[in-house]
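*Asks:* This is the structure alone, sequence omitted:
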């Protein structure tokens, strides 16, 4: 069952929090809903879009970390050796920055409309930043 809806550009995706695997991260983001930003295409990580957040400090601990999010996985990097960011994979991803490989907390999984993920990625790549919203379903 999906408890979230992600609206990215013209696409809508059902999604769920990964509360069993990243409970503290999910708790923090649940309080931020609805969460709105814009996504741009990644620079180093492969097929993904991201939200650069600079020095934002969500006070997120490391949990359920990965450097290889699958398509439809949202991860958040809480900052440290690189800036804070949220990343959504739409294809092959090796999460990295100019300082090298990073690991982010996988905290949301898209549960449907997976065929639209590459369409979203290509739209962001060729047309630029797109609106991005996470909200309760």
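*Replies:* On my side now, so go ahead. What you see is a predicted model; the values in this text were computed from it and never measured.
*Asks:* From the chain's centroid, how far away is stretch 55-67?
*Replies:* 12 Å (C-alpha atoms, centre = their mean, to the nearest Å).
*Asks:* Kindly check the end-to-end length of that stretch for me.
*Replies:* Stretch 55-67 has its terminal residues 21 Å apart, counting by C-alpha to C-alpha, to the nearest Å.
*Asks:* On the strand side of things, show who residue 85 bridges to.
*Replies:* Bridge pairing for residue 85 (DSSP bridges) gives the partners residue 52, residue 77.
*Asks:* Kindly tell me how buried it is, as a neighbour count.
*Replies:* For residue 85, the count of nearby residues is 22 (other C-beta atoms under 10 Å). C-beta coordinates here come from the backbone N, C-alpha and C atoms, glycine included.
*Asks:* The chain: helices as residue ranges?
*Replies:* According to DSSP state H, the chain carries its helices in the segments 23-32, 116-127.
*Asks:* Would you mind checking the average pLDDT for the first one?
*Replies:* Think helix 23-32. When pLDDT is averaged along helix 23-32, the result is 97.
*Asks:* Quick check: buried residues in that helix?
*Replies:* 24-26, 28-29 (16 or more other C-beta atoms under 10 Å).
*Asks:* sorry, back to before: compare the helices of the chain and give me the one nearest residue 59.
*Replies:* Nearest to residue 59 among these is helix 23-32; the distance by C-beta to C-beta comes to 7.1 Å.
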